[in-house]
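**Student:** what's the 3D shape of this:
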Amino acid sequence: CHCNAGYFPNSSSTNQSIQHLLCRPCDFGTFKSSTGSSNCSDCVPGSYASSPGSSQCRICEQGKFATSLVSTSCTPCDAFSSSFSGSSLKSNCTCNAGYQGFDGGVCFACVPGSYKSTKGSGRCLNCTSGTFSEQGGNTHCTECASGKYSTQLG
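**Tutor:** Numbers count the residues shown, from 1 in each chain. Below is the predicted model:
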């Protein structure tokens, strides 16, 4: 007999006549995708198996990461940052548009009078003359209304 996907032979049994009949579920963070007598494999960084007896590892969803082998869950990126699905490093978490900071670090909102239109580690830029932003976390600056103007940067 062979073990089903997600299960491996119980080699700890001392009774040789029934050892091949006993199968154990793969541990947390491991998987076995096919039927047979092979052992379970570790989930690679960027994936996880949250329950025993897994037949496959799940990919970390967008905004999360798993840095080690045999992960049982994925860690969320810090606030105001996100990552691509299958991320295996905290540095894959990059600041959202409207926020600045280092990859994998804390992200801070662009202050009023500044903006950042792209995701990543870039810095916030000052609004140009004739434009403004009144709140923090801006992805763009707004043009001044007709009859109004701004000569200041930011």
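**Student:** which non-adjacent residue is nearest the most centrally placed residue in the chain?
**Tutor:** Residue closest to the average C-alpha location in the chain (Cα atoms, centre = their mean): Lys64, at 2.0 Å. With sequence-adjacent residues excluded and distances taken as Cβ to Cβ, 6 or more residues apart in numbering, Lys64 is closest to Cys74, at 3.7 Å. Quick note: C-beta positions are derived from backbone N, CA and C, even for glycine.
**Student:** From Thr131, how far out is Cys124?
**Tutor:** Counting by Cβ to Cβ, to the nearest Å, the separation of Cys124 from Thr131 is 14 Å.
**Student:** Kindly report the same for Gly46.
**Tutor:** To Thr131, Gly46 is 40 Å away according to Cβ to Cβ.
**Student:** what about the two, which has more around it?
**Tutor:** Between Gly46 and Thr131, counting by other Cβ atoms under 10 Å, Gly46 is the more crowded of the two (22 against 17).
**Student:** quick one, what contacts that one?
**Tutor:** Contacts of Gly46 were listed using Cβ atoms under 8 Å, 6 or more residues apart in numbering, and they are 59-60, 65-66, 86-88.
**Student:** Val44 now?
**Tutor:** Residues in contact with Val44 (Cβ under 8 Å, 6+ apart) are 57, 69, 88.
**Student:** How about Phe132?
**Tutor:** By Cβ under 8 Å, 6+ apart, the residues touching Phe132 are 113, 141-142, 144, 150.
**Student:** Is there a neighbour count for Gln100? I'd like the number.
**Tutor:** A total of 21 residues lie near Gln100 under the criterion other Cβ under 10 Å.
**Student:** pretty sure it is touching Cys124, no?
**Tutor:** Yes: with contact defined as Cβ atoms under 8 Å, Gln100 counts as touching Cys124 (5.0 Å).
**Student:** Give the intersection of the neighbour lists for these two.
**Tutor:** Among the neighbours of Gln100, those also in contact with Cys124 (Cβ under 8 Å, 6+ apart) are 110, 116.
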